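*Asks:* Sequence first, then the predicted structure, then my questions.
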Amino acid sequence: MTGMQVQHIVRPNLPWRTKEHLTECGRAADDTALTRDEAVRKVAREGQQRAAMSTCMTCWSTAERHPGWERSPSAVLDRWIDKSRFWYGRRNESPTVLDIELQAIAALIEAHREEFDAYVTGATSAPTLGAARARRDARTTGRRGKGTL
């Protein structure tokens with residue numbers, strides 16, 4: 001197995017960042033790095049043991065522990081906050097690029113407050129998949145919810 005290159009998995013990026021891309025283990029991502037979806041397809045294609053022989057296990061286990069942007073934007077942001085706040089175990093007290101980006105986002109929201117509020121209202125008032133399933137189940141079974149006779 002000499003010469004086999006270990007593939008890394010790309011860490012979920014902040015959507016407004018187009019230049020900085022890291023792997024789950026903290027390296028700069030290159031063209032050989034896998035997206036999370038590519039890593040899942042690799043495991044499906046090769047099997048977990050064989051895929052593990054050519055995939056960075058730090059990236060693998062980290063990707064399993066942390067959700068992506070689609071599932072939890074706050075978790076992705078939290079990881080980037082931790083990265084920007086600490087440097088070699090010391091707290092960084094000066095404003096970071098992330099601080100400036102968050103201030104820019106706040107300014108954009110303030111400039112487009114009505115549009116932002118409408119988006120949040122629409123997103124929070126949309127029924128969840130779980131609620132839709134419960135309504136469907138209640139219709140098909142004739143019950144109104146758990147605990148009713």
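*Replies:* Structure's in. What do you need? Residues are numbered from 1 along each chain as shown.
*Asks:* CA atoms for contacts and neighbours, from now on please.
*Replies:* Will do.
*Asks:* center of this protein - which residue?
*Replies:* residue 68 (1.8 Å; CA atoms, centre = their mean).
*Asks:* worst-scoring helix or strand of this protein, pLDDT-wise?
*Replies:* strand 86-87 (a mean of 59; mean pLDDT, DSSP states H and E).
*Asks:* Next, the distance between the ends of stretch 69-76.
*Replies:* Its first and final residues considered, stretch 69-76 spans 6 Å by CA to CA, to the nearest Å.
*Asks:* so where's this structure shaky on pLDDT?
*Replies:* 1-3, 85-94, 142-149 (pLDDT under 70).
*Asks:* Could you check which helix or strand contains residue 99?
*Replies:* helix 97-111 (DSSP states H and E).
*Asks:* for the residue nearest to the centre of the chain, helix, strand, or coil?
*Replies:* coil (DSSP: H, G, I helix; E, B strand; the rest coil).
*Asks:* Likewise for the one 10 residues further on?
*Replies:* At residue 78, secondary structure determined by three-state DSSP is helix.
*Asks:* can you check residue 16 too?
*Replies:* Applying three-state DSSP: residue 16 is coil.
*Asks:* Could you measure from it over to residue 105?
*Replies:* 10 Å.
*Asks:* quick one, phi/psi of residue 28?
*Replies:* The phi/psi pair for residue 28 (degrees, to the nearest 10) reads phi -70, psi 130.
*Asks:* That one touches residue 19, doesn't it?
*Replies:* No - between residue 28 and residue 19 there is no contact under CA atoms under 8 Å: 10.6 Å.
*Asks:* The two: which has the busier surroundings?
*Replies:* Neighbour totals were compared for residue 28 and residue 19, and residue 28 leads with 14 against 7 (other CA atoms under 10 Å).
*Asks:* List the residues that contact the closest residue to that one other than its chain neighbours.
*Replies:* In this structure, residue 28 finds its nearest non-sequential neighbour in residue 22, 4.6 Å apart by CA to CA, 6 or more residues apart in numbering. Listed by CA atoms under 8 Å, 6 or more residues apart in numbering, the contact set of residue 22 reads 10-11, 13, 28-29.
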